[in-house]
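A.B. asks: quick one, fold the following:
(one chain, ligands or ions: 2)
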Amino acid sequence: MQDVVRGSELYKGKAKTVYATSDPRYLVMHYRDDVSAFDGAKLAKLDRKGETNNLINAYVMGRLAEAGVASHFVRVLNERESLVKAMKMLPVECVVRNVVAGSMAKRYGIAEGTKLAEPVFEFFLKSDALHDPLVNDDHIRILGWAGAGEIAEMKALTHKVNGVLKPMFAKAGIDLVDYKLEFGHPVDDPNGPIVLGDEFTPDGCRLWDAATGEKMDKDRFRRDLGSVIEHYREVGRRIGVPNM
Ligand code: TMP
Ligand code: ASP
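C.D. replies: Ligands and ions are numbered 1, 2, ... in the order given. Below you'll find the model as predicted:
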């Protein structure tokens, strides 16, 4: 895919807009400055968020590719846009937690910051209207959101990502507390292996400064802590993202 011509708008999410290209196997992912929390209940615009997340995502997807984790990411096109493979996404979110925080702390009454002996994997149904309920393998398989093989692949890949990103952030003095991944099948290989889609940015994970515990992720927006993008860019600088 050499010359990319951006086509019509296909889908406008809370922080990104997806456009068609002249080739149905590829899409343009446009990172806007919009930020959303609590399933769209809290919205704002943050200056330079789009370009910051586009660069951080590209860098992380590159590191994952080097480690053998296939994703839909192809290449950066411009400041706010990347070329990706068109995917049929599975309607679940895969969360891995290394440290207790957020909904897990609340659900089980455990203090935020409690370390976990092993990474804990959780599935959530992707539905803002239902506030992304926690679901188990049986719900997913029997209600038809994904098959048993896809469930196993999502778990294995999400754990593999943890094996790459947890040490990558640790070297940068950052604890990777938890994160969310989404998977799908490339439209030109619907029966092949699943591939990582969506994004990996500070919007979809928790990152705490290893020395001070300071939050460097979207909890700064959720909890009104201020200087959100300054912290995203500090994450980028520390892990080695160019132009941060
Ligand atoms: P939680 O503590 O709210 O369940 O979130 C766990 C992690 O997954 C946290 O880093 C935020 C991320 N996440 C999203 O980015 N979007 C979502 O819809 C969900 C459920 C989690
Ligand atoms: N990603 C969801 C939203 O944009 C949930 C959250 O991050 O709080 O509303």
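
A.B. asks: C-alpha only now, for contacts and for neighbours.
C.D. replies: Fine.

A.B. asks: so which bits of the lengthiest helix in the chain are buried?
C.D. replies: The helix spanning the most residues in the chain, taking DSSP state H as the definition, is helix 148-171. Applying a neighbour-count criterion of 16 or more other C-alpha atoms under 10 Å, one finds 150-151, 153-155, 157-159, 161-162, 164-166, 168-169 buried in helix 148-171.

A.B. asks: for the longest strand along the chain, buried residues please.
C.D. replies: In terms of residue count, the longest strand belonging to the chain (DSSP state E) is strand 115-125. Neighbour-count burial for strand 115-125 flags 119, 122-125 (criterion: 16+ other C-alpha under 10 Å).

A.B. asks: so which residue of this structure comes closest to ligand 2?
C.D. replies: Evaluated by C-alpha to the nearest ligand atom, the chain has D39 as its residue closest to ligand 2, separated by 2.9 Å.

A.B. asks: got the confidence number for the nearest residue to that residue once chain neighbours are set aside?
C.D. replies: Ranked by C-alpha to C-alpha, 6 or more residues apart in numbering and with sequence neighbours excluded, the top spatial neighbour of D39 is D128, at 5.2 Å. Model confidence at D128, given as pLDDT, is 90.

A.B. asks: kindly report the same for Q2.
C.D. replies: In this model, Q2 is scored at 62, pLDDT.

A.B. asks: the longest strand of the chain to helix 148-171, inter-axis angle?
C.D. replies: With axes from the mean of the first three to the mean of the last three C-alpha atoms, to 10 degrees applied, the angle from strand 115-125 to helix 148-171 works out at 140 degrees.

A.B. asks: touching ligand 2 at all, the helix or strand following strand 115-125?
C.D. replies: Past strand 115-125, heading to the C-terminal end, the next element that is a helix or strand (DSSP states H and E) is strand 134-135. No: with C-alpha under 6 Å from any ligand atom as the criterion, ligand 2 is not reached by strand 134-135; the gap is at least 13.3 Å.

A.B. asks: may I have whichever helix or strand comes after strand 134-135 as PDB, with CA atoms only?
C.D. replies: Per DSSP H and E, the first helix or strand lying C-terminal to strand 134-135 is helix 137-142. What follows is helix 137-142 as a C-alpha-only set of coordinates in PDB (Å, rounded to 0.1, in the frame of the first residue of the first chain):
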ATOM      1  CA  ASP A 137     -15.400 -17.600  28.900                       C
ATOM      2  CA  ASP A 138     -18.800 -19.300  29.000                       C
ATOM      3  CA  HIS A 139     -20.700 -16.000  28.400                       C
ATOM      4  CA  ILE A 140     -18.500 -15.300  25.500                       C
ATOM      5  CA  ARG A 141     -18.600 -18.700  23.900                       C
ATOM      6  CA  ILE A 142     -22.200 -19.700  24.500                       C
END
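
A.B. asks: which of the buried residues of helix 148-171 are close to ligand 2?
C.D. replies: On the criterion C-alpha under 6 Å from any ligand atom, none of the entries of the buried residues of helix 148-171 sits beside ligand 2.

A.B. asks: spatially central residue in this structure, please.
C.D. replies: The C-alpha lying nearest the average C-alpha coordinate of the chain belongs to F200 (C-alpha atoms, centre = their mean; 3.5 Å).

A.B. asks: quick one: residues contacting it.
C.D. replies: If you count contacts by C-alpha atoms under 8 Å, 6 or more residues apart in numbering, F200 has them with 56-57, 60-61, 180-181.

A.B. asks: who are the contact partners of the residue of the chain closest to ligand 2?
C.D. replies: By C-alpha under 8 Å, 6+ apart, the residues touching D39 are 128-129, 131.

A.B. asks: hang on, it in a helix?
C.D. replies: No: when the secondary structure is assigned by DSSP: H, G, I helix; E, B strand; the rest coil, D39 falls in coil instead of a helix.
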